[in-house]
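**Q** Pasting the sequence and the predicted model now:
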Amino acid sequence: MSVIALAIFLLLTAIAGIHVLWGTGVRWPCKADAELVSTVVGHKSDKMPTPNQCYLAALAIYIPGTIALMLAGLIDASVTASTIPLAGAAAALVFLGRGIAGYIPAWRERFPREPFATLDRRCYSPLCLLLAAGFLILLINKPGL
């Protein structure tokens, strides 16, 4: 289970780091705001989220990675024993919901831009479903559950 938890943590930390870079004005892997919005945001505007929105997204992405480490017992948290599995279940549900959303027409209407729409169906949503599965595996194998 340690390998799954570490993989989740490293992946989410890398994604969170990219969001921090975007908050500082780096536009990788693109060159301009409009291109980056079309690639990773997908909404109809060409305007990037604000730096604070990027930083909040980074934090929201990073925290589940630490929850994965806690579920595997790789880091200790000074919280009640039931809090970690609940947080893990919440993370699994959020990633499951986001993964499913990418295939729902209402989501596509809200985030229609290309190449985001294609990347969402082929990469972003499947990755979220894989993360949800990883959290479920960690939860199922958590000692004491």
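**A** Sure thing, it's come through. Numbering: from 1, shown residues only.
**Q** who touches stretch 39-51?
**A** With contact meaning C-beta atoms under 8 Å, 6 or more residues apart in numbering, stretch 39-51 is reached by 22-25, 29-30, 33-34, 36-38, 54, 57, 110-113, 115-117, 119-120. Backbone N, C-alpha and C define where each C-beta goes, glycine included.
**Q** After the helix or strand harbouring Ile63, which helix or strand is next? Please name it.
**A** For Ile63, the host element (DSSP states H and E) is helix 51-71. Once the chain leaves helix 51-71, the next helix or strand it forms, by DSSP H and E, is helix 83-101.
**Q** who's in contact with that following helix?
**A** With contact meaning C-beta under 8 Å, 6+ apart, helix 83-101 is reached by 64, 67-68, 70-71, 77, 107, 125-132, 135-136, 138-139, 142, 145.
**Q** Among these, name the buried ones.
**A** The neighbour count (16 or more other C-beta atoms under 10 Å) marks 64, 67-68, 70-71, 107, 125, 127-129, 131-132, 135-136, 138-139, 142 as buried among these.
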